[in-house]
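K.L.:
Sharing a model prediction with you, sequence too.
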Amino acid sequence: MDSIVKSVIEQFTERAKFGKEKYGVDLDREDLVFGEWVTHMKEELMDAILYLEKLEKLYKIPKGGK
């Protein structure tokens, strides 16, 4: 296994442990319906966009990346 794949697997494992400790549930939970899972994913993706916007501004990356 290459170092990048190994690193990502380790990060996923740590993230899963963190989530279980913080929220007391994991992705095997069965108390959410489809729409609730969609909402969770939308919220996570919106957060990701905010982080990208912050990085663009922090590193003064012009729109379009050029």
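P.N.:
That came through fine. Numbers count the residues shown, from 1 in each chain.
K.L.:
For the rest of this, base every contact and every neighbour count on C-alpha atoms.
P.N.:
Will do.
K.L.:
how close does the residue positioned nearest the centre of the chain get to F12?
P.N.:
Centrality entry for the chain: nearest residue to the mean C-alpha point is E44, 5.9 Å, by Cα atoms, centre = their mean. Look at E44 and F12: by Cα to Cα, to the nearest Å, they are 15 Å apart.
K.L.:
next one: K20
P.N.:
From K20 to F12 the distance is 12 Å (Cα to Cα).
K.L.:
Mind naming the longest helix for the chain?
P.N.:
The longest helix of the chain (DSSP state H) is helix 34-58.
K.L.:
Now do that one: distance to the chain's middle.
P.N.:
8 Å (Cα atoms, centre = their mean, to the nearest Å).
K.L.:
List the buried residues for that helix?
P.N.:
For helix 34-58, the buried set under the neighbour-count rule, 16 or more other Cα atoms under 10 Å, is empty.
K.L.:
now that helix: mean pLDDT?
P.N.:
Across helix 34-58, the average pLDDT comes to 97.
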